[in-house]
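S.K.: return a 3D structure for these sequence lines:
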Amino acid sequence: MKRLILVLPLLGFLAIAVFLYRGLFIDPSELPSALIDKPFPAFSLPNVTGDRTLTEADLKGKPALVNVWGTWCISCRVEHPVLNKLAQMGVTIYGVNYKDDNAAALKWLKEFHNPYQLDIRDEAGSLGLDLGVYGAPETFLIDKDGIIRHKFVGVIDEVVWREQLAPLYQALEDEVGK
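M.R.: As a prediction, this is how the structure comes out:
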């Protein structure tokens, strides 16, 4: 009985150690999303310029990246030039300006150029909440029917685009061509 009492803490420690060791190898950019293979959440929000109301129906028709960004987000500033390049290459990108001051967003897009074909104003963060956004930048890859196919957390740089997102985007583009 005394041996069992001495062994139980050791077994507990080993179980915890294995669990923590496994955590060392989890990629934080691959946060699971319950929305994969589900429709983009329903919303009705103004665009950043305030001249029209956008809904999830506006995102349908072609594969696209949906990029969650904010002027308060330092990483978004790093990512923005890459998004501009992608837009110039013909990649469809929609923006979700998340929990931001709209005047600051307008200034940002004027100063740093606007890669977004549509830019949704989500001042209250309701769409971000429905998307399960942890922060910014986060990017969702949607197909032509508005179904979320992939979620990427973090800065999209040229390597991330080339090695991770471009092949997925191209596969969705190829489906449209069939």
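
S.K.: okay, CA-based contacts and neighbour counts for the rest of this
M.R.: Noted.

S.K.: contacting residues for residue 91?
M.R.: Counting by C-alpha atoms under 8 Å, 6 or more residues apart in numbering, residue 91 touches 64, 65.

S.K.: relative to residue 176, how far out is it?
M.R.: 14 Å (C-alpha to C-alpha, to the nearest Å).

S.K.: and if you look at residue 54?
M.R.: Distance from residue 54 to residue 176, by C-alpha to C-alpha: 23 Å.

S.K.: which of those two has more neighbours?
M.R.: For residue 54 versus residue 176, neighbours defined as other C-alpha atoms under 10 Å are more numerous around residue 54 (18 against 13).

S.K.: look at that one and give its secondary structure.
M.R.: strand (DSSP: H, G, I helix; E, B strand; the rest coil).

S.K.: low-confidence stretches in this structure?
M.R.: Confidence mapping of the chain against pLDDT under 70 gives the ranges 1-4, 6-32, 178.

S.K.: for it, which segments count as strands?
M.R.: 44-46, 53-55, 64-69, 93-98, 118-122, 138-142, 148-153 (DSSP state E).

S.K.: now render those as TSV, adding distance to residue 169.
M.R.: Shown next, in TSV, are the strands of the chain (distance: least, C-alpha to C-alpha, whole Å):
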stretch	distance to residue 169
strand 44-46	26
strand 53-55	22
strand 64-69	8
strand 93-98	11
strand 118-122	18
strand 138-142	7
strand 148-153	10
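
S.K.: quick one: closest of these to residue 105.
M.R.: Ranking the strands of the chain by their distance to residue 105 (criterion: C-alpha to C-alpha) puts strand 93-98 first, at 7.3 Å.
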